[in-house]
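Colleague: Below is the structure, and that's it, no one-letter string:
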């Protein structure tokens, strides 16, 4: 059934943090634990306000650290509660130890991370080094492009995390400042529609006197591999569940976010750029401009780093002559993480697409439309056989 | 797309002005808008920036604003500190809060050739009506008149939405005085 979002939602001028907080409010978590850290501060500030105002029944725990925030929501998740926390950068790193406890215990926790560079040199500005460093924590990872997508993805995240075949925590990554502190018109859905999409959490993965069980346990070599295999299976199930959740979300809310990965103007595209996060929006503008000039360019927006849409890349190709991958992170001693993942997914007998890895936008450096045009130009050069180094830094002031 | 840059000092509401304009143009004007501050830490008194983008279609561009259709300077002491003319389009509007005259400004390097230059004693209006030298709503009124960036009635609705009474009423009044003053000079 299609509902008219115009009549059932309100249009508000919100920052990315405020939009994400609205998404959380509509999901009605029963416990929120958080420690304030820039630039997610206003997200948790707004949530503490709505909880204090009694908007929905919720226990808000102002804890002494991010490590405790994750431990706190895990404790509540053990009792079958829907929970939420948010952090950023060093806060996420400080939470690191608890992240794998949460994922291995299969708690459907949702965490919003305001993406920010990591120390040192210390920086409060945005890049993806914090969450990319947590790639193997066993959490599903989304990267969003706008405040609207942040709100919508948080609602989708609970649906995905709480699906019995997934039962895995989800991290929603929101570009620090570029999204968290930017105001946009956001369509805020009504509670009834969100309730129809997201029923209350029912889980057997909880402590109960009627059905006693052990959670967060340790296991020896006789079962450890099997436990890890179950986690991997959950991520495989998540691929299907993410697509389903997005489909149902679109039917109810009238907005589509394309599951794990989106193609934008890729039909017949010869030069394609793959990106994550808010730069996807700027890239759309550049693609539209270059298309108007007759250039066959396209955009791939990678929404999930885990599960990684490897089948998508393995099946892509066709008209594509050169694929560029833009990373707002760098794994020292190699290259950007998304580039590594993408190349691995492309690698198969007979693969012909040529690739370039671009590093840009580290520590809050602006990625301009001219920067993106330059990347497409380099892809065209590569396809034409002109020399282009495989790894390139765009917007670097000196080397 | 219209792109507006606001220059202020930390604490004098440059970003609030950017946000009021975005709110007015999008929620009350039925268009699309984006507003963001200069990212990072802010200190009281330090030079800060605010940005507003306004368009008829959804704004997905998340790069920094480079070229401006309108620049608004809330504090004229900034002119010696930061390059307020950077990126101003040839037909763009420059709106400055200052007690100096337009002819004095025209003698400054770069100001002589500005086609759409508005100098307004916003601080005078603010002290008069608000009783405090806070000029963001005053300069929003001036920008609405000088560059047509927003309908003044929509700007008034945004002030009502963002400020409690009686602050909203006074700010609406101050904004309207600035708007009428700039309009009178124009006509």
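Modeller: Right, received. Where do you want to start? Note that the structure is a prediction, hence the values are computed from the model and not measured. Residues are numbered from 1 along each chain as shown, chains lettered A, B, ... in the order given.
Colleague: need the helices for the chain, in chain order.
Modeller: By default, I'm working from chain A. Secondary structure of chain A (DSSP state H): helices located at A:5-8, A:16-27, A:41-52, A:66-78, A:90-104, A:129-133, A:147-161, A:191-197, A:224-253, A:279-292, A:310-315, A:337-346, A:369-383.
Colleague: wait, I meant chain B there
Modeller: B:14-23, B:102-106, B:122-129, B:136-147, B:152-162, B:167-186.
Colleague: Make TSV from those and add mean neighbour count and distance to chain A to it.
Modeller: Quick note: C-beta positions are derived from backbone N, CA and C, even for glycine. Shown next, in TSV, are those (neighbours: other C-beta atoms under 10 Å in any protein chain shown; distance: least, C-beta to the nearest C-beta, whole Å):
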stretch	mean neighbour count	distance to chain A
helix B:14-23	27	4
helix B:102-106	13	30
helix B:122-129	20	23
helix B:136-147	29	15
helix B:152-162	20	8
helix B:167-186	18	16
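Colleague: Could you say which one of the ones you listed comes nearest to residue A:145?
Modeller: Evaluated over these, closeness to residue A:145 peaks at helix B:14-23, with 18.4 Å, by C-beta to C-beta.
Colleague: Can you spell out which helices and strands pack onto that closest one?
Modeller: Judged by 3 or more C-beta pairs under 8 Å, 6 or more residues apart in numbering or on different chains; DSSP states H and E, helix B:14-23 is in contact with strand A:9-15, strand A:183-189, strand B:2-9, strand B:32-37, strand B:47-55, helix B:136-147, helix B:152-162.
Colleague: Throw the ones you listed into TSV and include distance to residue A:21 and mean pLDDT, thanks.
Modeller: Below are the helices and strands packed on helix B:14-23 laid out as TSV (distance: least, C-beta to C-beta, whole Å; pLDDT from 0 to 100):
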stretch	distance to residue A:21	mean pLDDT
strand A:9-15	9	96
strand A:183-189	10	97
strand B:2-9	25	97
strand B:32-37	17	97
strand B:47-55	22	97
helix B:136-147	25	97
helix B:152-162	18	97
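Colleague: which residue is nearest the middle of chain A?
Modeller: residue A:142 (1.7 Å; C-alpha atoms, centre = their mean).
Colleague: I figured it hits residue A:303, correct?
Modeller: Yes: using C-beta atoms under 8 Å, residue A:142 makes contact with residue A:303 at a distance of 5.8 Å.
Colleague: residues contacting the residue nearest to the centre of chain A?
Modeller: The contact partners of residue A:142, by C-beta atoms under 8 Å, 6 or more residues apart in numbering or on different chains, come to A:153, A:157, A:170-173, A:303-304.
Colleague: In strands only, show me the residues you listed.
Modeller: Within those, residues falling in strands by DSSP state E are A:170-173, A:304.
Colleague: Of these, which is the nearest to residue B:172?
Modeller: Nearest to residue B:172 among the ones in strands among the contacts of residue A:142, with distances taken as C-beta to C-beta, is residue A:172, at 38.4 Å.
Colleague: what pLDDT does that closest one get?
Modeller: Confidence at residue A:172, expressed as pLDDT, is 99.
Colleague: How many residues are close by it?
Modeller: Residues near residue A:172, counting by other C-beta atoms under 10 Å in any protein chain shown, number 26.
Colleague: what does residue B:83 give?
Modeller: Residues contacting residue B:83 under the criterion other C-beta under 10 Å number 11.
Colleague: how much space between it and residue B:136?
Modeller: 21 Å (C-beta to C-beta, to the nearest Å).
Colleague: Then residue B:120?
Modeller: Here the criterion is C-beta to C-beta. By it, residue B:120 lies 13 Å from residue B:136.
Colleague: same question, residue B:28
Modeller: Going from residue B:28 to residue B:136 by C-beta to C-beta gives 17 Å.
Colleague: Also residue B:48?
Modeller: Where residue B:136 is concerned, residue B:48 sits at a distance of 12 Å (C-beta to C-beta).
Colleague: what residues do these two have in common as contacts?
Modeller: Residues touching both residue B:48 and residue B:136 by C-beta under 8 Å, 6+ apart: B:8, B:14.
Colleague: Can you give me the neighbour number for residue A:366?
Modeller: Using other C-beta under 10 Å: residue A:366 sits among 17 other residues.
Colleague: correct me, but it touches residue B:64?
Modeller: Yes: assessed by C-beta under 8 Å, residue A:366 is found in contact with residue B:64 at 4.5 Å.
Colleague: can you list the weak-confidence ranges in chain A?
Modeller: Counting by pLDDT under 70, the ranges of chain A that qualify are A:1-7.
Colleague: Kindly report the residues of it close to chain B.
Modeller: Residues of chain A found near chain B (C-beta under 8 Å from any C-beta of the partner chain) are A:11-13, A:38, A:124-126, A:145-146, A:175, A:177-179, A:181-185, A:278-282, A:284-285, A:364, A:366-369.
Colleague: Give me the buried entries from these.
Modeller: When the residues of chain A next to chain B are checked for burial by 16 or more other C-beta atoms under 10 Å in any protein chain shown, the buried set is A:12-13, A:38, A:124-126, A:145-146, A:175, A:177-179, A:181-185, A:278-282, A:284-285, A:364, A:366-368.
Colleague: For chain B, see how far away residue A:140 is.
Modeller: 24 Å (C-beta to the nearest C-beta, to the nearest Å).
Colleague: meant to ask about residue A:299
Modeller: Distance, residue A:299 to chain B, by C-beta to the nearest C-beta: 11 Å.
Colleague: Please name the residues that touch that residue.
Modeller: A:263-266, A:272-275, A:280, A:283-284, A:287.
Colleague: is it in a bridge, and if so with what?
Modeller: residue A:264, residue A:273 (DSSP bridges).
Colleague: Please work out the residue of the stretch 1-150 of chain A nearest to chain B and name it.
Modeller: Taking C-beta to the nearest C-beta as the measure, the stretch 1-150 of chain A has residue A:13 as its residue closest to chain B, at 4.3 Å.
Colleague: hang on, isn't that residue packed against residue B:24?
Modeller: No: Residue A:13 is beyond contact range of residue B:24, at 9.0 Å (criterion: C-beta under 8 Å).
Colleague: Could you point out which residue ranges in chain B have low pLDDT?
Modeller: In chain B (pLDDT under 70), no residue qualifies.
Colleague: Name the nearest residue to residue A:358, sequence neighbours excluded.
Modeller: Leaving aside its chain neighbours, residue A:358 sits nearest to residue A:326 (4.8 Å; criterion: C-beta to C-beta, 6 or more residues apart in numbering or on different chains).
Colleague: now residue B:11: how far from residue A:267?
Modeller: To residue A:267, residue B:11 is 51 Å away according to C-beta to C-beta.
Colleague: Between the two, point out the one with more neighbours.
Modeller: Between residue B:11 and residue A:267, counted using other C-beta under 10 Å, residue B:11 has the larger neighbour count: 13 against 9.
Colleague: domains for chain A, by residue range?
Modeller: Using automatic domain parsing, the domain ranges for chain A come out as A:5-253, A:261-393.
Colleague: of all those domains, which lies closest to residue B:99?
Modeller: domain A:5-253 (31.7 Å).
Colleague: Figure out how far the closest one is from the centre of its chain.
Modeller: Computed by C-alpha atoms, centre = their mean, to the nearest Å, the chain-centroid distance of domain A:5-253 equals 10 Å.
Colleague: do stretch A:337-348 as well
Modeller: For stretch A:337-348, the distance to the chain centre is 18 Å (C-alpha atoms, centre = their mean).
Colleague: ok, residues contacting stretch A:344-357?
Modeller: A:308-314, A:316-317, A:320-325, A:327, A:335-336, A:339, A:342-343, A:375, A:378-379, A:382-383, A:388, A:390-392.
Colleague: And it, what's buried?
Modeller: A:345-346, A:353-357.
Colleague: Check stretch A:307-318 too.
Modeller: A:307-309, A:312-313, A:316.
Colleague: what number of residues lie near residue B:98?
Modeller: For residue B:98, the count of nearby residues is 18 (other C-beta under 10 Å).
Colleague: How about residue A:18, nearest residue that isn't a chain neighbour?
Modeller: Leaving aside its sequence neighbours, residue A:18 sits nearest to residue A:46 (C-beta to C-beta, 6+ apart; 5.8 Å).
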